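1. Would you be able to build a 3D model of this:
(2 chains)
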2 protein chains.
Amino acid sequence: MKDLLGREEALNADEARKRLLDQAVNMPAAETLSIDSAYGMVLARDVIAPGDLPGFTRSVMDGFAVNAADTFGASDTMPVYLDVRGQVVMGQRPSVSIMRGEALSIPTGGMLPNGADAVVMLEHTNMADENMVEVMKALAPWENVIRTDEDLKKGERVIAAGKRLRPQDIGALAGMGIVEVDVFRKPAVAIIGTGDEVVPPERVPAPGEVRDINSYNLAGLIMGCGARPVKLGIVRDDLDTLKKVLEEAVRTSDMVLITGGSSVGARDFTAQAINEQGRPGVLFHGVAMKPGKPLIGGIVNGVPVFGLPGHPAAITVSFETIVEPLLLRMTGETIPVHLPARRLVRAIFSRNLSSSLGREEHIRVSLEKRQGALWAAPVLGKSGLVRTLVQADGIVIVPMNKSGLYEGEEVEVRLFK
Amino acid sequence: MKDLLGREEALNADEARKRLLDQAVNMPAAETLSIDSAYGMVLARDVIAPGDLPGFTRSVMDGFAVNAADTFGASDTMPVYLDVRGQVVMGQRPSVSIMRGEALSIPTGGMLPNGADAVVMLEHTNMADENMVEVMKALAPWENVIRTDEDLKKGERVIAAGKRLRPQDIGALAGMGIVEVDVFRKPAVAIIGTGDEVVPPERVPAPGEVRDINSYNLAGLIMGCGARPVKLGIVRDDLDTLKKVLEEAVRTSDMVLITGGSSVGARDFTAQAINEQGRPGVLFHGVAMKPGKPLIGGIVNGVPVFGLPGHPAAITVSFETIVEPLLLRMTGETIPVHLPARRLVRAIFSRNLSSSLGREEHIRVSLEKRQGALWAAPVLGKSGLVRTLVQADGIVIVPMNKSGLYEGEEVEVRLFK
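-> Below is the predicted model:
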């Protein structure tokens, strides 16, 4: 849609996200990894238990393996007496079975002998003599043991595809003897820097030149989503060059981010290059938020392509607001219900600040503790300054229909990762 | 302190943490890394700006570089007219200066010519003829520009030692031309598995044997703290073997975790091995929490050594509750004020659950959304089951002086990482 001056009208952020998420995108393929390398990766196929865990009935206490029925009615004042037939050795099948009236001493983790169905804790026993134990507590069958399939039962689904593997999940895989898993490859996200004034950080800039900040910021933001940045260098502000590099990037990556290009001319190049690359092309050109308004979003043959504004704060805000939700989906992770809450903290806003109606304003804030409460102070400054991002701990969003924030107002801060 | 039965009395968790944090421990050394490898690392030395950023006065808009004084009083109905002397080319020093009454066209990011002190946005101008621009807005000096040292001033401290480097921090380093930084090495945390019944995951366990779950769980928990796990394998339940491996581990690592050893005998070995290794030795033996009670904590010649209980849930709880605060300190990070809030979400507890007075109870919970609210349901089961950890999203702590939780009660859930 165009405004009265013939410019594309900025979409609101929700609508921009929706346009992207409504499109089909290519998902990364799966790969097989050793469990040692699979921490934090997203499972591509359900894991089914190949056998029972622990696989035998195991004591969870130090004590005596007994037949629970022998202990019925036992108490401090009315102990029962059992013949001790020997001991269970850790890691070995017990050499003897027990019969009614008998017991074997057993360590935590030891295998229950045949004939036993419970373990009485050491604390509730007393050696009456060398071969006889006094039991002062009644036990229910299967008390203080883990049964052969009580942890995991052969054939059951243990971990569902789409889960990001946490330490305990890898532990469970190890416990089942699964030493390799199929996980989704990390999405490869190409970063194309543009701007005739941009030089790599190791070069001394000539007057009018600046070093590349945005590729470095973006690479970290990409890694923070569980994806893999691929830097394709800095290309000249020139349509043909951009088209060539973009073609290569779309062919070899799962997503493409073009940075820089804040001037009107560069923005037009970017939109044109995206549209000429494939269908459906540009989905929106401009988002009603500050900073980050000049953001371009599109999809080319299933590969999302973004033209990000060139200012450092605009990079961070447009990435987190619009790019990240799509990139997270492309990791294959089934987003847990608590994820949205995960990076939010509540704080008290430290001063009055006005904001424009009709666009979301993303205020960088730093947090500090005063008398036990968390306060959020806006870090003011132009979005072209990297300093404001370095000093900030997170972002407070002022919605489109709100004209500002008041001192003392409670706000929700979305923390930087 | 010993109880009436001559056993060491369990410390409460706060006291156990305090005993550890009161001791001096060896901190990892610093190393120099390329900024490409420094994401998420902790800065070991303050970063001082080696020069001004951007280093020249830069436009943040597409428009015309002007002398602000020329625009005073200008408005839609009362424009001022300026001679356009040419254009600023991106990435180059302007070839001409301007005088009063003159202007140069300038792109976003372009270098301001001598004589100019502001930029009027394209939207507020109109070309009167080929060489004359109509300016319809009054500008303050330095409006729409970033001055030579406005982002970072030579000699100022940009990032303080102790900060964990985020994407934008690496961006700022790149912007200053700093391509290498001194960061703290990740603490190396040795994992010693014990237990005659424990076999590596690739082995088929004989009856009475189980595969190693704990080393795999712990390795992930360690990585989650920004530290580096070093697995030293599984040693036999034997004091001399344990002492030998522990000696090696204390010499080569920053922290040592001994896992397994849930039986009384194994726990005694572990405590003895720690005490014989150096001073001050064991600081506590048992913590009043469930699961995790048998936890042993000590320090040997500046190296923290823990004997962790052998049950999977006890591993996770004792690590997060007691080991993690110390390990985070050893990363060198200055803990941000919002860190404690970072992994906490509020939820509604889904059922009545009783808890014992006199010890902290750590309830594993899974989260689900019902009618827009987050509910926490306890995942019940013995702490020897890895299943309960796999199904859980986090932990709710019932404090020592509370006898349980009620259905509908609001609780704080500490999410697993």
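2. separation between A:Leu308 and A:Ile315?
-> Counting by CB to CB, to the nearest Å, the gap from A:Leu308 to A:Ile315 is 6 Å. C-beta here means a position set from N, CA and C on the backbone, and glycine is covered the same way.
3. who has more neighbours, these two?
-> Under the neighbour definition other CB atoms under 10 Å in any protein chain shown, A:Leu308 and A:Ile315 were set side by side, and A:Ile315 has more, 31 against 28.
4. quick one on the thing from earlier: now list whatever residues contact both of A:Leu308 and A:Ile315.
-> By the contact definition CB atoms under 8 Å, 6 or more residues apart in numbering or on different chains, A:Leu308 and A:Ile315 are jointly contacted by A:214, A:218, A:259.
5. So the second one versus B:Pro167, what's the distance?
-> If I follow you right, that is A:Leu218. Applying CB to CB to A:Leu218 and B:Pro167 gives a distance of 7 Å.
6. Tell me how far A:Val135 lies from B:Arg166.
-> 60 Å.
7. hang on, the earlier thing: want to try JSON lines for the shared contacts of A:Leu308 and A:Ile315, with distance to chain B, secondary structure and neighbour count as columns?
-> Shown next, in JSON lines, are the shared contacts of A:Leu308 and A:Ile315 (distance: CB to the nearest CB, whole Å; DSSP: H, G, I helix; E, B strand; the rest coil; neighbours: other CB atoms under 10 Å in any protein chain shown):
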{"residue": "A:Asn214", "distance to chain B": "7", "secondary structure": "helix", "neighbour count": "28"}
{"residue": "A:Leu218", "distance to chain B": "7", "secondary structure": "helix", "neighbour count": "24"}
{"residue": "A:Thr259", "distance to chain B": "11", "secondary structure": "strand", "neighbour count": "27"}
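8. if you skip the residues just before and after it, what's nearest to A:Gln277?
-> A:Val300 (4.4 Å; CB to CB, 6 or more residues apart in numbering or on different chains).
9. ignore the last one, A:Glu368
-> Excluding the flanking residues, the one nearest A:Glu368 by CB to CB, 6+ apart is A:Trp375, at 5.5 Å.
10. does that neighbour really touch A:Ile348, like I thought?
-> Yes: when contacts are counted by CB atoms under 8 Å, A:Trp375 is listed as touching A:Ile348 (5.1 Å).
11. Surely A:Val303 is in contact with A:Thr252?
-> No: A:Val303 is beyond contact range of A:Thr252, at 9.7 Å (criterion: CB under 8 Å).
12. These two - which one has more neighbours?
-> More crowded of A:Val303 and A:Thr252, by other CB under 10 Å: A:Val303, with 21 against 13.
13. Do you know the pLDDT at A:Gly175?
-> pLDDT, A:Gly175: 97.
14. what's the answer for A:Glu123, then?
-> A:Glu123 carries a pLDDT value of 94.
15. I'd like to know how far it sits from chain B.
-> Distance from A:Glu123 to chain B, counting by CB to the nearest CB, to the nearest Å: 8 Å.
16. Specify which residue of A:Trp375 and A:Ile348 has the higher count of neighbours.
-> Higher neighbour count among A:Trp375 and A:Ile348: A:Trp375, with 19 against 15, using other CB under 10 Å.
17. Assess the claim that A:Leu380 and A:Thr388 are in contact.
-> Yes: the criterion here is CB under 8 Å, and A:Leu380 meets it with A:Thr388 at 7.4 Å.
18. the more surrounded of the two?
-> A:Thr388 (22 against 11).
19. Got the phi and psi for that one?
-> Main-chain dihedrals, A:Thr388, degrees, to the nearest 10: phi -60, psi -30.
20. so who does it touch?
-> Applying CB under 8 Å, 6+ apart, the residues contacting A:Thr388 are A:313, A:364, A:379-382.
21. other SSEs contacting the helix-or-strand element of chain A with minimal mean pLDDT?
-> Using mean pLDDT, DSSP states H and E, helix A:339-342 stands out as the lowest-scoring helix or strand of chain A, at a mean of 76. Of the remaining helices and strands, none touches helix A:339-342 by 3 or more CB pairs under 8 Å, 6 or more residues apart in numbering or on different chains; DSSP states H and E.
22. Next secondary structure after it?
-> strand A:344-349 (DSSP states H and E).
23. Give me the contacts around that next one.
-> By CB under 8 Å, 6+ apart, the list of residues contacting strand A:344-349 reads A:365, A:367, A:373-376, A:378, A:394, A:396, A:405-415, B:338, B:341-342.
24. same thing but at 6 Å, please
-> Residues outside strand A:344-349 that contact it (CB atoms under 6 Å, 6 or more residues apart in numbering or on different chains) are A:373-376, A:405, A:409-414, B:338, B:341.
25. what's the farthest-apart pair in the residues you listed?
-> Taking CB to CB as the measure, the contacts of strand A:344-349 span a maximum distance of 19.9 Å, between A:Leu405 and B:Ala341.
26. who has more neighbours, those two?
-> A:Leu405 (22 against 18).
27. Where do the strands of the stretch 201-350 of chain A begin and end?
-> A:210-211, A:228-235, A:255-259, A:280-285, A:289-290, A:296-300, A:303-307, A:344-349 (DSSP state E, counting those that start in this stretch).
28. Make a markdown table out of those strands and add distance to B:Val119.
-> Formatted as a markdown table, the strands of the stretch 201-350 of chain A follow (distance: least, CB to CB, whole Å):
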| stretch | distance to B:Val119 |
| --- | --- |
| strand A:210-211 | 16 |
| strand A:228-235 | 24 |
| strand A:255-259 | 22 |
| strand A:280-285 | 23 |
| strand A:289-290 | 18 |
| strand A:296-300 | 23 |
| strand A:303-307 | 23 |
| strand A:344-349 | 32 |
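29. So which of those is nearest A:Gly193?
-> Taking those one by one with CB to CB, strand A:228-235 is closest: 3.8 Å.
30. picking that back up, go through the contacts of strand A:344-349 and flag which are in helices.
-> Here DSSP state H is the test, and the contacts of strand A:344-349 give B:Ala341 as lying in helices.
31. which of the contacts of strand A:344-349 are buried?
-> By neighbour count, with 16 or more other CB atoms under 10 Å in any protein chain shown, the contacts of strand A:344-349 hold A:374-376, A:405, A:411, A:413-414, B:338, B:341 as buried.
32. Within its sheet, name the partner strands of the strand ranked longest in chain A and how each one runs.
-> Ordering each strand of chain A by length in residues (DSSP state E) puts strand A:360-370 first. Sheet pairing for strand A:360-370, assigned by DSSP bridges, gives strand A:289-290 (parallel), strand A:373-378 (antiparallel), strand A:394-398 (antiparallel).
33. wait, which of the ones you listed is closest to A:Leu112?
-> That would be strand A:373-378 among these, by CB to CB, at 52.2 Å.
34. For that closest one, give the mean pLDDT please.
-> pLDDT averaged over strand A:373-378 gives 96.
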